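Chemist: this one's sequence-less:
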């Protein structure tokens, strides 16, 4: 048993705070962002032994330098935003779905399979509708299985969805190896099922679709009965049960929505962006989305900003890495640093830290005085 | 044929044994450290840097001794993986951030660190240094097939098994271990009983990270013979699967790792095409899901995840 130290005020006291103003919270986050950039600059300067300010200019030229880069930024932003929106309803319910990667991937697979098997025999418009249905259903299936088990048997959803990612990955590789008979393992660009191009920019359609979904999800979460129910379940399952919410139904319904949106991600990746199927088409955005959604406090509108920041850093750092010949993993480190800074700064937003320096000094002084008087007494005695 | 598959399976399973033992220890404290794949990468890069530092400090490669070539990378690996583990605790325990989010960020960072630095470090002498890692026991060849399977491995294979057994005993049989479980099951009660939740979480996570980090060192210096591959992250995720598969028991983890290792290398020894290979690769994950479902339906107390797994503990919130 540890000895209990009585009557000692701790040096640092942490208490929860709920009254922080929006501007102050934003300020703390801005400081964290700048801190991450500074550390990123220092890391770069150490690695390349060059002018650290060059790194910042690369960040901007890599993202806003040419119209093409801006379009790429917008497209990646849209995809990251969509997958972040997909995980958000579940997170609000405190259902830690870390399987968005796999749910999007089966969407990719389903859409790709439709092109592969019936692409030749139906007109393009019909094919796109079939692809959409298939991708969404596939995403729903992948998400709802862990949801059902969570609802009925309280199976740990974090670990379940994590494993489902890898099953999806193996499944995609399995089908690619069946479709590609040459043994190269690369499917190549599929001829059918391309989405219509609006105004010569293939990215516009994706951006529009995601913008519409963002608004819909925002309304669903903040204005609908469903959205209210799932946030009650997230706050307290017992309360939800007490006021007559069917918790099992809410969990399963929310996972259906999550899965459907992930399926949409897969659909857009195949039909609107890459026109092919590979196991790394989702490319880890399913995991990044978790961070994006959490940083935005599960608010779809803030999520536009957080996914912009992440996409900006990722693309800018990738450009800088190319310019410095550092390799693709450099951007992972920069984005990782950014996440650390932002995650840590959340603490200072949610908790108040007060230092007890003064009282500690007083206490020390009191103790000294006590010893002194004791000594005096002894001397006198 | 079967003996040679088993030999490589035992050898390969070491990375899983170390990873899953480290993660089990961490999860017993209630920390669901999803950063373990990144931490294993960090352990590997620590080992690489340590070996590089050691080789640079010699005037010629022929002066290399077994002690230096083994101990320096292991110490550096402990520093790197221990640091990331402590950083995870700083964020999740001290700063009370979300564990899933922090873990994922650490995995991104650690995997990036390995591939960024791994490419840039001079690897002269690594092949020679790795011989000290792979050296089996002398009498292995004299014992024929059995000796080959059991005794031909480098020291880290046995080290991993011993560590797993020690951790299992500590968790189940010692007062410290029981206190650790109390922290993972119900931190508020543990706190009320006078246990320092913070200290237990830090200690378990940092030590667990160091054990997992050794998995990275093993993979680079023993399994790959001193060259670098970037698949460690995937093995880290499998290690997390093994923790579930072995229902949070490191002694079962040894056998689970062996099964996973066996399934992982099996496709390379059999006459299957690429498509079937993918199906075999899927088996470990599918079986893990099955174990997860079955244990949750049976709802036996002994085979559940720690009750407070993944939750941050704030004393004033109980």
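Modeler: That came through fine. All figures in this text were calculated on a predicted structure; none of them were measured in a lab.
Chemist: what about residue B:46, how many residues close to it?
Modeler: 30 (other Cβ atoms under 10 Å in any protein chain shown). Heads up, the C-betas are built off the backbone N, CA and C, glycines and all.
Chemist: need the pLDDT of it.
Modeler: Looking at residue B:46, its pLDDT reads 95.
Chemist: that one: what's it in contact with?
Modeler: Residue B:46 makes contacts with B:73, B:76, B:77, B:78, B:79, B:80, B:81, B:213, B:216, B:217, as judged by Cβ atoms under 8 Å, 6 or more residues apart in numbering or on different chains.
Chemist: and residue B:247, by the same measure?
Modeler: Counting by Cβ under 8 Å, 6+ apart, residue B:247 has contacts B:291, B:295, B:302, B:303.
Chemist: report the spatially closest residue to the second one, excluding sequence-adjacent ones.
Modeler: Across the structure, with Cβ to Cβ, 6 or more residues apart in numbering or on different chains as the measure, the residue nearest residue B:295 apart from its sequence neighbours is residue B:303 (4.5 Å).
Chemist: how far away is that neighbour from chain A?
Modeler: Separation of residue B:303 from chain A (Cβ to the nearest Cβ, to the nearest Å) stands at 12 Å.
Chemist: hmm, that residue is touching residue B:297, no?
Modeler: No: the criterion here is Cβ atoms under 8 Å, and residue B:303 misses it with residue B:297 at 10.9 Å.
Chemist: who has more neighbours, those two?
Modeler: More crowded of residue B:303 and residue B:297, by other Cβ under 10 Å: residue B:303, with 16 against 13.
Chemist: can you check the pLDDT for that one?
Modeler: In this prediction, residue B:303 carries a pLDDT score of 76.
Chemist: ditto for residue A:335
Modeler: Listed pLDDT for residue A:335 reads 86.
Chemist: and residue A:65, how many neighbours?
Modeler: Residue A:65, neighbours per other Cβ under 10 Å, totals 14.
Chemist: OK, contacts around it?
Modeler: The contact partners of residue A:65, taken as Cβ under 8 Å, 6+ apart, are residue A:319.
Chemist: now it: how far from residue A:308?
Modeler: Relative to residue A:308, residue A:65 is positioned 17 Å away (Cβ to Cβ, to the nearest Å).
Chemist: lowest-confidence helix or strand of chain A?
Modeler: Lowest on mean pLDDT, DSSP states H and E among the helices and strands of chain A sits helix A:357-380, with a mean of 61.
Chemist: right, I mislabeled it, should have said chain B
Modeler: Min over SSEs of chain B, mean pLDDT, DSSP H and E: helix B:144-151 (a mean of 73).
Chemist: list the buried residues for the helix or strand that it is followed by?
Modeler: Following helix B:144-151 in sequence order, the next helix or strand is helix B:155-173 (DSSP states H and E). Within helix B:155-173, the residues that qualify as buried are B:155, B:156, B:157, B:159, B:160, B:161, B:163, B:164, B:167, B:168, B:170, B:171, counting by 16 or more other Cβ atoms under 10 Å in any protein chain shown.
Chemist: which phi and psi does the closest residue to the second one other than its chain neighbours have?
Modeler: What sits nearest to residue B:156 in space, not counting adjacent residues and going by Cβ to Cβ, 6+ apart, is residue B:218, at 4.6 Å. Listed backbone geometry of residue B:218 is phi -60, psi -50, with angles given as degrees, to the nearest 10.
Chemist: which residues touch residue B:218?
Modeler: Residue B:218 neighbours (Cβ under 8 Å, 6+ apart): B:14, B:15, B:18, B:133, B:156, B:160.
Chemist: determine which two of the contacts of residue B:46 are furthest apart.
Modeler: B:79 and B:216 (12.9 Å; Cβ to Cβ).
Chemist: more neighbours, these two?
Modeler: For the pair residue B:79 and residue B:216, the greater number of neighbours falls to residue B:216 (31 against 17), based on other Cβ under 10 Å.
Chemist: doesn't residue B:38 make contact with the more buried one?
Modeler: No: using Cβ under 8 Å, residue B:216 makes no contact with residue B:38, being 10.1 Å away.
Chemist: flag every residue of the stretch 151-300 of chain B that's near chain A.
Modeler: Residues of the stretch 151-300 of chain B lying near chain A by Cβ under 8 Å from any Cβ of the partner chain: B:194-196, B:237, B:240-241, B:244, B:273-275, B:277-279, B:281-282, B:285-286, B:288-289, B:292-293, B:296-297, B:299.
Chemist: host element of the closest residue to residue B:12 other than its chain neighbours?
Modeler: Spatial nearest neighbour of residue B:12, chain neighbours left out: residue B:261 (4.2 Å); criterion: Cβ to Cβ, 6+ apart. Assigned by DSSP H and E, residue B:261 belongs to helix B:250-269.
Chemist: which strands and helices sit next to that helix?
Modeler: Packed against helix B:250-269 by the contact rule (3 or more Cβ pairs under 8 Å, 6 or more residues apart in numbering or on different chains; DSSP states H and E) you find helix B:2-28, helix B:155-173, helix B:232-245, helix B:274-298.
Chemist: OK, contacts around residue A:33?
Modeler: Contacts of residue A:33 (Cβ under 8 Å, 6+ apart): A:309, A:338, A:341, A:342.
Chemist: now with 10 Å, please.
Modeler: A:309, A:313, A:338, A:341, A:342, A:345 (Cβ atoms under 10 Å, 6 or more residues apart in numbering or on different chains).
Chemist: what's the burial count for residue B:203?
Modeler: Using other Cβ under 10 Å, residue B:203 has 16 other residues around it.
Chemist: quick check: neighbours shared by residue B:79 and residue B:216?
Modeler: Taking Cβ under 10 Å, 6+ apart as the contact rule, residue B:79 and residue B:216 both touch B:42, B:43, B:46.
Chemist: identify, from those residues, the entry nearest to chain A.
Modeler: The nearest member of these to chain A, counting by Cβ to the nearest Cβ, is residue B:42 at 11.4 Å.
Chemist: what's the neighbour count on the closest one?
Modeler: Look at residue B:42: counted by other Cβ under 10 Å, it has 33 neighbours.
Chemist: tell me the secondary structure for residue A:120?
Modeler: Using DSSP: H, G, I helix; E, B strand; the rest coil, the structure places residue A:120 in coil.
Chemist: quick one, phi psi at it?
Modeler: With angles defined as degrees, to the nearest 10, residue A:120 sits at phi -80, psi -30.
Chemist: tell me the confidence at the closest residue in space to it that isn't next to it in sequence?
Modeler: Closest residue in space to residue A:120, ignoring its immediate chain neighbours: residue A:192 at 7.1 Å, by Cβ to Cβ, 6+ apart. On the pLDDT scale, residue A:192 is placed at 81.
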